[in-house]
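A.B. asks: Can you look at this prediction? I've put the sequence above it.
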Amino acid sequence: MTTTVSIDSRSGGPDGAVRAAGLAVDDLNVRYGDTTAVEGVSLDVAPAETVAVIGPSGCGKSSTLRAVAGLVPVAGGTITLAGRDVTSLDPARRNVGLVPQNYAVFPHMTVAANIAYGLRARGVPASERRVRVGEMLDLTRLTELAERRPDQLSGGQRQRVALARALAIRPDTLLLDEPLAALDPQLRGGLRRELSGMLAATECATLIVTHDQREALSLGSRILLLRDGRPVQFDTPRRLWDDPADAFVADFLSGAVLLEAERDHDHAVVMDGRWRIPIRELDVRPTEHGSTRLLLHHDGLGVVDEEETPDDGSALVAEVEHVEFTGDALHLTVRAGGHALGVRVPPGTRVGRSVALTVNPGRAALLTPNP
Ligand SMILES: Nc1ncnc2c1ncn2[C@@H]1O[C@H](COP(=O)(O)OP(=O)(O)OP(=O)(O)O)[C@@H](O)[C@H]1O
């Protein structure tokens with residue numbers, strides 16, 4: 001039952017097919033006493049699609065997920081799952097698979113018994129249970145470990161058990177709350193790739209909450225970015241990267257900087273005229289969001305030698321605040337015109353207390369509104 005839908009939120013939201021089969025959240029509000037945790041959040045997830053919800057700590061990610069699961073009361077808005085309005089429905093009747101933080105698996109049960117748990121609770125007959133547990137063991141590559149208990153597993157294996165248990169009930173919607181957060185970084189990369197493969201093999205609408213930008217970019221076919229409980233941008237990873245709605249999105253997603261800019265004939269002028277960049281050096285692209293802006297990712301800037309510094313205003317002198325050696329590069333944090341800028345330069349680059357910066361041709365973008 002794969003439904004093909006536009007994954008571009010600019011198309012005006014979910015079409016009827018998505019709404020009927022996937023997950024739709026409309027204008028969600030969640031409050032805890034006087035605290036508004038979520039306000040005006042809308043999203044949709046098609047069957048077989050994964051949408052990631054990201055944002056800083058306390059922005060309302062888990063509350064959004066828990067509202068979909070029915071674990072917190074909804075103060076406003078609607079939640080539709082597989083065509084049913086479930087806003088006030090008991091959690092157990094939503095057909096949602098939830099993988100909470102810290103791989104909550106039953107410590108006294110074997111891997112197979114953990115996976116069978118939800119099926120047993122739903123009264124699935126033993127023969128059918130065996131088939132489904134076998135399928136899940138296979139999908140999550142746990143077949144060899146079926147008779148082990150969780151304390152005999154690695155963190156990554158335990159997390160796969162939690163995923164298998166959530167998927168065994170064949171949920172319409174799968175909710176993953178920071179699924180990889182408890183793992184060390186090396187393990188996380190491997191499991192992220194595995195998770196991506198496992199999710200691709202299911203037909204569920206998957207909502208994944210993470211504070212890890214890389215996880216969101218690689219797992220989500222669309223990403224909803226929240227700030228202070230409110231939606232900031234809901235779009236494809238590519239568009240969030242290439243055309244961020246505002247400076248917060250650019251910074252949160254990639255540490256990029258978004259500067260107000262003006263076009264003066266064949267120059268882009270930023271920082272009150274302190275920096276005049278020849279347009280030919282820039283990737284000029286249309287934006288859906290507001291005014292003309294200069295988007296600088298870490299590879300957008302380079303450092304020039306003082307002797308070679310052009311005197312036509314196209315180089316920007318900036319104070320060096322921090323230098324970090326990461327093996328393959330030096331990451332500089334520099335300050336100019338009240339802005340902190342990230343610059344990635346080759347490890348052998350000589351760096352003094354100040355540097356002259358120019359854009360790397362074609363690597364910095366001038367976002368210009370459609371006329
Ligand atoms: N049970 C609760 N009672 C009162 N306030 C709560 C409760 N749970 C969450 N909050 C508040 O609601 C807001 C959103 O919390 P939520 O856990 O949804 O954020 P989050 O984005 O998931 O954060 P994190 O990334 O740190 O897990 C926060 O201000 C938080 O303090």
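C.D. replies: Noted; the coordinates are in hand.

A.B. asks: in stretch 78-98, what's buried?
C.D. replies: Within stretch 78-98, the residues that qualify as buried are 79-82, 86-87, 94-98, counting by 16 or more other Cβ atoms under 10 Å. All C-beta spots, glycine's among them, are computed from the backbone N, C-alpha and C.

A.B. asks: swap in stretch 312-322?
C.D. replies: Of the residues in stretch 312-322, 314-316, 318, 320 count as buried by neighbour count, 16+ other Cβ under 10 Å.

A.B. asks: Tabulate the residues you listed (a markdown table), appending pLDDT, secondary structure and distance to the ligand.
C.D. replies: Shown next, in a markdown table, are the buried residues of stretch 312-322 (pLDDT from 0 to 100; DSSP: H, G, I helix; E, B strand; the rest coil; distance: Cβ to the nearest ligand atom, whole Å):
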| residue | pLDDT | secondary structure | distance to the ligand |
| --- | --- | --- | --- |
| Ser314 | 88 | coil | 41 |
| Ala315 | 92 | coil | 40 |
| Leu316 | 93 | strand | 35 |
| Ala318 | 93 | strand | 32 |
| Val320 | 94 | strand | 32 |
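
A.B. asks: Of the residues you listed, which is the nearest to Glu147?
C.D. replies: Nearest to Glu147, judged by Cβ to Cβ, of these is Val320 at 58.0 Å.

A.B. asks: Next, the closest residue to that closest one other than its chain neighbours: secondary structure please.
C.D. replies: Setting aside the residues directly before and after it, Val320 is nearest to Val334 in space (Cβ to Cβ, 6 or more residues apart in numbering), at 5.4 Å. Local secondary structure at Val334 is given as strand here, using DSSP: H, G, I helix; E, B strand; the rest coil.

A.B. asks: what pairs with Val334 across the strands?
C.D. replies: Val334 has these beta-bridge partners by DSSP bridges: Val320, Leu341.

A.B. asks: So what's the residue count around it?
C.D. replies: The tally of other residues near Val334 (other Cβ atoms under 10 Å) stands at 23.

A.B. asks: Hmm, Val303 and it touching each other?
C.D. replies: No: using Cβ atoms under 8 Å as the test, Val334 is too far from Val303 to be in contact (9.0 Å).

A.B. asks: which residues are common contacts for those two?
C.D. replies: The overlap between the contact sets of Val334 and Val303 (Cβ atoms under 8 Å, 6 or more residues apart in numbering) consists of 343, 355, 357.

A.B. asks: residues in contact with the first one?
C.D. replies: By Cβ under 8 Å, 6+ apart, the contact set of Val343 is 298, 301-303, 331-334, 355, 357.

A.B. asks: right, and the helix or strand after the least confident helix or strand in the chain by mean pLDDT?
C.D. replies: Across the helices and strands of the chain, the lowest-confidence element by mean pLDDT, DSSP states H and E is helix 16-21, at a mean of 52. On the C-terminal side of helix 16-21, the nearest following helix or strand under DSSP states H and E is strand 23-32.

A.B. asks: As PDB, could you dump the C-alpha coordinates of that next one?
C.D. replies: In PDB, the C-alpha atoms belonging to strand 23-32 read as follows (Å, rounded to 0.1, in the frame of the first residue of the first chain):
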ATOM      1  CA  LEU A  23      -0.200  10.500  10.000                       C
ATOM      2  CA  ALA A  24      -1.500  14.100  10.100                       C
ATOM      3  CA  VAL A  25      -1.100  16.500  12.900                       C
ATOM      4  CA  ASP A  26      -3.000  19.800  12.600                       C
ATOM      5  CA  ASP A  27      -2.400  22.900  14.700                       C
ATOM      6  CA  LEU A  28      -1.300  20.800  17.800                       C
ATOM      7  CA  ASN A  29      -1.100  22.500  21.200                       C
ATOM      8  CA  VAL A  30       0.300  20.800  24.300                       C
ATOM      9  CA  ARG A  31       0.300  22.400  27.700                       C
ATOM     10  CA  TYR A  32       1.600  21.300  31.100                       C
END
